[in-house]
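> Fold the following and give me the result.
(2 chains)
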Amino acid sequence: MTDSKYEVVIGLEVHTELKTNTKIFCSCSTEFGGEPNTHVCPGCLGMPGVLPVLNKRVVDFAIMAGLALNCQIAEFSKFDRKHYFYPDLPTSYQISQFDQPICKNGYLEIDINGEQKRIGINRIHMEEDASKLVHGGASIATSSYSLVDYNRGGVPLLEIVSEPDIRSPEEARAYLEKLKSILEYTEVSDCKMQEGSLRCDANVSVMPKGSKEFGTRVEIKNLNSFRALKKALEYEVMRHIQALEEGEPLIQETRTWDENKGITLSMRTKEEAHDYRYFPDPDLVPVIISREWVEEIRRNLPELPQARKERFMREYGLPAYDASIITSSKALAEYFDACVALYPEAKTVSNWLMGDLIRSLNAEDQDIRDCRIRPEMLVEMLRLIDNKTISGKIAKTVFEEMFQSGKKPADIVKEKGLVQITDQGEIEAMVDQVIEANPKSVEDFKSGKEKAIGFLVGQVMKLSKGKANPNMVNELLRKKLK
Amino acid sequence: MAVTIKDVEKTAFLARIDLSEEEKNKFTEEIKIILDHVENFVDLNTENIPPTINILPLYNVMRDDITRPSLDKNAVFQNTSHEEDGMFKVPKIL
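Residues are numbered from 1 along each chain as shown, chains lettered A, B, ... in the order given. Model prediction:
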């Protein structure tokens, strides 16, 4: 899509909510979906005279994410106040990190057209999440007031800032997918984009190829799905190229993605340029991170996607493609591991996962963790194919039924009368019937058109409602047409 | 150090404080005195002195990740009359 005359420069800022029990600076619950303002205390409501106390697990998680993303872990880190007036923060400042973030200089690798590309990570810092605003009245444009739910205020966040190493919307998407996968593997966040526990802003500029000077930079907010990220960037790149072609000026600004209209819109703010007046938060003392602490966390780092991909290729002999698809999601990789523990034909399991399972999950927009087909059910179905109770074709029907109802494969086979026909006489009768009804195809086959047999097998299968054993059908047909 | 009325206006805007013309003039004078005092430190040699982040000789003050009960609903809203549907009502944002 990108005109070769231009070069696109993209950097992403990703916010991820950490999976701790309590907020970053107080002991209120971080649970999602509670009744409004029930997870609040004088601390996260910003009452005077209350002191924040840092949650140790937030630091542990930040170090873990930093190690998983190949970062340097700071020996000395501190918290700063970032000031702005907005009702999503009761104190009028957000506790964040400014010049001494906990992690710096990392990277991750993405796969672009079969090649590995390294995307730098500039920094990772810890901060508190802001609260949720709900607009009163019919719509945000007409309402005369807003409502604030402080439950989310103070939930721990990591902000992960990439280097401007991303060169296309496809790369941006691959980066976000890889980042999400790594964060899921480390279990620091559940990364549910639909619940807002993983959010993304993008900085984008376009310059003539070979130029030493970056183009005008625009920040796009509110990119909260992979689709939105890719579409918004594609739109924005096109808008920039158009402006450059026509010699029109672009302004450095913040824009928002309008999912319904499929365009980005300027977020004009009345305020002049932001002046956050960062300064060290005097209520919090510095964090000093010993190398022992870092090594302790490094020892407990779980298997990461790349390592698991390599293990799947080595231990199970999976092709690289299968291994990377299956390990892209931690839950899917665990599902695969559970299946293979019961049924060692890894490639057969992989084929069902990458085909029917992923397709069905995508069609229903379902997470594998909620899937009704448990690994032992899938394995039971594979055994039914192996012992010739059902054919591979019938298995697709069984699979579909399991996916919808969660019933066991053996019960489905019994209930629906799907047992495979392996009776020689019964199949022979159907084969005769098909030969009789299709003289043209029979003639074609006899005169050397190998393909015609496929059609005839298909006709027998159709006649048996998919229940005939396809190998036996094939054999019998060939024998009779010799 | 030169402090102008513009600096005072900007500071007041950032703090969301409305000042009268009289107040602006008064604060311009007063802030100038404070900054002139701070100016005395510029000549001090601070080469090998790390910036003071916190005056307490403390670090790594942390708590375990264990939930404690949050506030009772009545307590949450006891200082406001601006409540609706269990939320705080604030002026329109956009």
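> does A:Leu233 sit in a helix or strand, and which one?
helix A:226-245 (DSSP states H and E).
> Please list the outside residues in contact with that helix.
Helix A:226-245 is contacted from outside by A:1-3, A:6, A:8, A:10, A:169-170, A:172-173, A:176-177, A:193, A:200, A:202, A:204-206, A:208, A:215-216, A:218, A:220, A:222-223, A:248-250, A:255, A:257, A:259, A:262-264, using CB atoms under 8 Å, 6 or more residues apart in numbering or on different chains. (Each C-beta comes from the backbone N, C-alpha and C, glycine too.)
> Using CSV, write down the CA coordinates of it.
C-alpha atoms of helix A:226-245 as CSV (Å, rounded to 0.1, in the frame of the first residue of the first chain):
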residue,chain,number,x,y,z
PHE,A,226,-5.3,-5.2,16.1
ARG,A,227,-7.7,-4.3,13.3
ALA,A,228,-8.0,-0.7,14.6
LEU,A,229,-4.2,-0.4,14.8
LYS,A,230,-3.7,-1.5,11.2
LYS,A,231,-6.6,0.3,9.7
ALA,A,232,-5.9,3.6,11.5
LEU,A,233,-2.2,3.5,10.5
GLU,A,234,-3.1,2.7,6.9
TYR,A,235,-5.5,5.6,6.8
GLU,A,236,-3.0,8.0,8.4
VAL,A,237,-0.1,7.0,6.1
MET,A,238,-2.4,7.6,3.1
ARG,A,239,-3.5,11.0,4.5
HIS,A,240,0.2,12.0,4.9
ILE,A,241,1.2,10.9,1.5
GLN,A,242,-1.7,12.7,-0.1
ALA,A,243,-0.7,15.9,1.8
LEU,A,244,2.9,15.6,0.7
GLU,A,245,1.9,15.0,-2.9
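> State the next helix or strand along the chain beyond it.
strand A:253-258.
> Any buried residues in that next one, and which?
Neighbour counts over strand A:253-258 (16 or more other CB atoms under 10 Å in any protein chain shown) mark A:Thr254, A:Arg255, A:Thr256, A:Trp257 as buried.
> Pick out whichever of those residues sits closest to chain B.
Closest approach between these and chain B, by CB to the nearest CB: A:Thr256, at 11.7 Å.
> circling back: off-centre distance for the helix holding A:Leu233?
22 Å (CA atoms, centre = their mean, to the nearest Å).
> Would you mark the buried spots in it?
A:226, A:228-237, A:239-241, A:243-244.
> Compute the inter-axis angle for it and strand A:253-258.
130 degrees (axes from the mean of the first three to the mean of the last three CA atoms, to 10 degrees).
> For helix A:226-245, what does the pLDDT average out to?
The average of the pLDDT scores along helix A:226-245 is 94.
> Equivalent analysis for stretch A:472-482, please.
pLDDT averaged over stretch A:472-482 gives 89.
> what does stretch A:327-344 give?
Rounded mean pLDDT across stretch A:327-344 is 94.
> contacting residues around that stretch?
Counting by CB under 8 Å, 6+ apart, A:177, A:181, A:184-185, A:305, A:308-309, A:312, A:316, A:326, A:346, A:349-350, A:353, A:358, A:367-369, A:371, A:375-376, A:378-379, A:382-383 sit against stretch A:327-344.
> Please save the CA atoms from that stretch in CSV.
Output in CSV follows, covering the C-alpha atoms of stretch A:327-344 (Å, rounded to 0.1, in the frame of the first residue of the first chain):
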residue,chain,number,x,y,z
THR,A,327,3.0,-20.7,20.2
SER,A,328,1.7,-17.2,19.3
SER,A,329,-0.9,-17.6,22.0
LYS,A,330,0.1,-19.1,25.4
ALA,A,331,-3.3,-20.6,25.9
LEU,A,332,-3.2,-22.3,22.5
ALA,A,333,0.3,-23.6,23.2
GLU,A,334,-0.9,-25.1,26.5
TYR,A,335,-3.8,-26.6,24.8
PHE,A,336,-1.5,-28.3,22.3
ASP,A,337,0.8,-29.5,25.0
ALA,A,338,-2.2,-31.0,26.8
CYS,A,339,-3.4,-32.8,23.7
VAL,A,340,0.1,-34.2,22.8
ALA,A,341,0.5,-35.5,26.3
LEU,A,342,-2.5,-37.8,25.6
TYR,A,343,-2.0,-38.4,21.9
PRO,A,344,1.6,-38.3,20.6
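> distance between it and the chain's centre?
So, by CA atoms, centre = their mean, the centroid of stretch A:327-344 is 17 Å from its chain's centroid.
> which parts of that stretch are buried?
Buried residues in stretch A:327-344 (16+ other CB under 10 Å): A:327-330, A:332-333, A:335-340, A:343.
> follow-up on the earlier one: show only the entries of the contacts of stretch A:327-344 found in helices.
A:177, A:181, A:184-185, A:305, A:308-309, A:312, A:316, A:326, A:346, A:349-350, A:358, A:375-376, A:378-379, A:382-383 (DSSP state H).
> are any of those residues buried, and which?
A:177, A:181, A:184-185, A:305, A:308-309, A:312, A:316, A:326, A:346, A:349-350, A:358, A:375, A:378-379, A:382.
> buried set for the one helix or strand A:Glu426 maps to?
When elements are assigned from DSSP H and E, A:Glu426 belongs to helix A:424-437. For helix A:424-437, the neighbour count (16+ other CB under 10 Å) marks A:Ile427, A:Met430, A:Val431, A:Val434, A:Ile435 as buried.
> residues contacting residue 18?
With no chain named, the answer covers chain A. Contacts of A:Leu18 (CB under 8 Å, 6+ apart): A:Ile24, A:Thr30, A:Arg57, A:Val58, A:Phe61, A:Val155, A:Pro156, A:Leu157, A:Leu158, A:Val188, A:Ser189.
> let's do chain B instead
Per CB under 8 Å, 6+ apart, neighbours of B:Asp18: B:Ala12.
> next one: A:Leu382
A:Tyr343, A:Glu345, A:Thr348, A:Val349, A:Trp352.
> Just give me the closest of the residues you listed to B:Met62.
Comparing these against B:Met62 with CB to CB picks out A:Val349 as the nearest, at 44.1 Å.
> Skipping adjacent residues, who's closest to that closest one in space?
A:Cys339 (4.6 Å; CB to CB, 6 or more residues apart in numbering or on different chains).
> what helices or strands is the longest helix anywhere in chain B leaning on?
Secondary structure assigned by DSSP H gives helix B:21-39 as the longest helix of chain B. When contacts are defined as 3 or more CB pairs under 8 Å, 6 or more residues apart in numbering or on different chains; DSSP states H and E, helix B:21-39 packs onto helix B:5-14.
> quick one: is the helix it packs on near chain A?
Yes - applying CB under 8 Å from any CB of the partner chain, one finds helix B:5-14 in contact with chain A at B:Leu14.
> Using PDB, write out every CA atom in that helix.
Output in PDB follows, covering the C-alpha atoms of helix B:5-14 (Å, rounded to 0.1, in the frame of the first residue of the first chain):
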ATOM      1  CA  ILE B   5       3.500  39.200  34.400                       C
ATOM      2  CA  LYS B   6       3.200  36.600  31.600                       C
ATOM      3  CA  ASP B   7       5.000  34.000  33.700                       C
ATOM      4  CA  VAL B   8       2.500  34.700  36.500                       C
ATOM      5  CA  GLU B   9      -0.400  34.400  34.200                       C
ATOM      6  CA  LYS B  10       0.900  31.100  32.800                       C
ATOM      7  CA  THR B  11       1.500  29.700  36.300                       C
ATOM      8  CA  ALA B  12      -2.000  30.800  37.400                       C
ATOM      9  CA  PHE B  13      -3.500  29.100  34.300                       C
ATOM     10  CA  LEU B  14      -1.700  25.800  35.000                       C
END
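> Identify the residues contacting it?
A:His83, A:Asp275, A:Arg277, B:Asp18, B:Leu19, B:Lys24, B:Asn25, B:Phe27, B:Thr28, B:Ile31.
> let's go with 7 Å and repeat that
A:Asp275, A:Arg277, B:Leu19, B:Lys24, B:Phe27, B:Thr28, B:Ile31 (CB atoms under 7 Å, 6 or more residues apart in numbering or on different chains).
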